[in-house]
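Student: Here is a sequence with its predicted model. Questions after.
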Amino acid sequence: MTAEKKQDAAPAKGATAPTQASARKPWVKRSPVDVVREQVEKQRRHVADLEQELTTAKRELQKLDQAQKVLESS
C-alpha cells in the first residue's frame, strides 16, 4: 500500500509543476553594470522614502512640543 500511495502522489506533484513554470517570467541576462545601476536606483528610492518619513516625524514632534508648551504655560 505504501508504494501505491507514493505513485498516486507523484502525478499530482508533476501536474502542478508545469503550470508554475509557465507562469514564471523568462530569465533576462544582465551585465554587472546594469545590476549595480538597479541597486543604486533601489537605494535612492529607499532613501527618499526614509527622508519623507523623517520629515513627517519631525512635524509630529514639533506639534507635540507646541502642545507641551501650551500645557506647561497654563
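Tutor: Noted; the coordinates are in hand.

Student: Tell me where this protein has helices.
Tutor: 2-23, 32-73 (DSSP state H).

Student: and those helices, which one is worst for confidence?
Tutor: In terms of mean pLDDT, the lowest-scoring of the helices of the chain is helix 2-23 (a mean of 58).

Student: Tell me how many other residues crowd Lys42.
Tutor: Lys42: 10 surrounding residues under other CB atoms under 10 Å. Just so you know, the C-beta spots here come from the backbone N, C-alpha and C atoms, and that holds for glycine as well.

Student: can you tell me how far it sits from Ser74?
Tutor: Separation of Lys42 from Ser74 (CB to CB, to the nearest Å) stands at 49 Å.

Student: In terms of pLDDT, where does Trp27 sit?
Tutor: So Trp27 comes in at 91 (pLDDT).

Student: For Lys29, grab phi and psi.
Tutor: Note on Lys29: its backbone torsions stand at phi -70, psi 130 [degrees, to the nearest 10].

Student: ok, it to Val35 distance?
Tutor: The spacing between Lys29 and Val35, counted by CB to CB, is 11 Å.

Student: And the two? Which one has more around it.
Tutor: Neighbour tally, Lys29 and Val35, criterion other CB under 10 Å: the higher count belongs to Val35, 10 against 5.

Student: quick one, what contacts the more buried one?
Tutor: If a contact means CB atoms under 8 Å, 6 or more residues apart in numbering, then Val35 has no contacts.

Student: Tell me how far it lies from Val47.
Tutor: Applying CB to CB to Val35 and Val47 gives a distance of 19 Å.

Student: next one: Gln66
Tutor: Note on Gln66: its distance to Val47, by CB to CB, is 29 Å.

Student: ok, Leu61 - how many residues close by?
Tutor: 10.

Student: Equivalent analysis for the one 10 residues further on, please.
Tutor: Burial of Leu71 is recorded as 8 neighbouring residues (other CB under 10 Å).
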